[in-house]
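Student: I'll drop the sequence and a predicted model, then ask my questions.
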Amino acid sequence: MALVAVGQLTSTASMANNLRQCQILVKKAVQAGAKALFLPEATDYISSSAEESLSLVKPVQESEFVLGLQEEARRFKLPIHVGVHEPSSQTSSQRIKNTVLWINEQGEIAHRYQKIHLFDVDIQGGPVLKESQSVEPGMKIEPPFETAFGKVASTICFDLRFPEIGISLRRQGAEIITYPSAFTVPTGQAHWEVLLRARAIETQSYVIAAAQVGRHNEKRVSYGHSMIIDPWGRIVASVGEKADEPEIATATIDLELVKKVRAEVPLRRRTDVYPEV
């Protein structure tokens, strides 16, 4: 068993300020005795326009934000799971990548996942967001990776609405599935908790969902409510919607509970009737 921390903050277009917020979260996680810290989608920055985002994005080896987090991971021997932006592999592209990194306790980037499903919505009474205009979609479900507390698998935000990814990751051995996010307030109020609990129940895995919270700029407000859910679908840690300072919540990852739930309620898929995901 191991204690892990889920972190919540309000990122802005200032990467220096966002790094300072993350350093507060690292300190809180270390003081709590956590063996890993999970941070939200787009922790490095949230911009007010596609043009601003393109002007801010840097390769990870040049990003003061990522370099700063790598130093924190090395200093405290604390692995960090964090959502960032990266430049497109196509030099002429005007779009960027929305990715998540696993920075191990040596400060090395040991895993990377690029967001597959992009958030293109026009909700009555809510925001109009077209992520595909400025972000290029990933093309691969990355397999789970080993940690000291279990096999972790990454997804990002809007991926939460597609159970196929979680089911595929469970089939590949995932015991913990992450959903770092920046959910809007209308979609968060309606769907955040129920979707996260559904993903935990159907995959019989721990779900760790670090979320952005509060007002980032004149256009963007995030719902918050970072949480950790166990394989039975119970919320075992939650931050809520406070946005006045960076906060964490902690929970113990118990792989024996994963085994128990999977043994007592075996999910034997009828792949002779429908395709395996």
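Tutor: All right, it came through fine.
Student: low-confidence regions, the protein specifically.
Tutor: For the chain, the stretches with pLDDT under 70 are 123, 125-128.
Student: can you map out the helices along the stretch 1-150 of the chain?
Tutor: Using DSSP state H, counting those that start in this stretch, the helices of the stretch 1-150 of the chain run over 15-32, 50-56, 64-76.
Student: would you mark the buried spots in the shortest one?
Tutor: If I follow you right, that is helix 50-56. Judged by neighbour count using 16 or more other Cβ atoms under 10 Å, the buried positions of helix 50-56 are 50, 53-54, 56. For the C-beta atoms, the positions are set from N, CA and C on the backbone; glycine is no exception.
Student: could you do stretch 187-203 as well?
Tutor: Within stretch 187-203, the residues that qualify as buried are 187-188, 192-193, 195-201, 203, counting by 16+ other Cβ under 10 Å.
Student: again with stretch 106-126
Tutor: By neighbour count with 16+ other Cβ under 10 Å, stretch 106-126 contains the buried residues 107, 111-119.
Student: will you turn the residues you listed into CSV that also has distance to Val265?
Tutor: Below are the buried residues of stretch 106-126 laid out as CSV (distance: Cβ to Cβ, whole Å):
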residue, distance to Val265
Gly107, 40
His111, 29
Arg112, 33
Tyr113, 28
Gln114, 33
Lys115, 30
Ile116, 28
His117, 28
Leu118, 33
Phe119, 32
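Student: ok, these vs Ser238, which is closest?
Tutor: Taking Cβ to Cβ as the measure, Ser238 sits nearest to Phe119 out of these, at 22.9 Å.
Student: any idea which of the helices of the stretch 1-150 of the chain gets closest to Arg262?
Tutor: Nearest to Arg262, of these and by Cβ to Cβ, is helix 15-32 at 28.3 Å.
Student: what angle separates the closest one from helix 64-76?
Tutor: 20 degrees (axes from the mean of the first three to the mean of the last three Cα atoms, to 10 degrees).
Student: packing partners of helix 15-32?
Tutor: Where contact means 3 or more Cβ pairs under 8 Å, 6 or more residues apart in numbering; DSSP states H and E, helix 15-32 is packed against strand 2-8, strand 37-38, helix 64-76, strand 247-253.
Student: and the third one, what other elements does it pack with?
Tutor: Put plainly, it is helix 64-76. Packing partners of helix 64-76 (3+ Cβ pairs under 8 Å, 6+ apart): helix 15-32, strand 80-87, strand 96-103.
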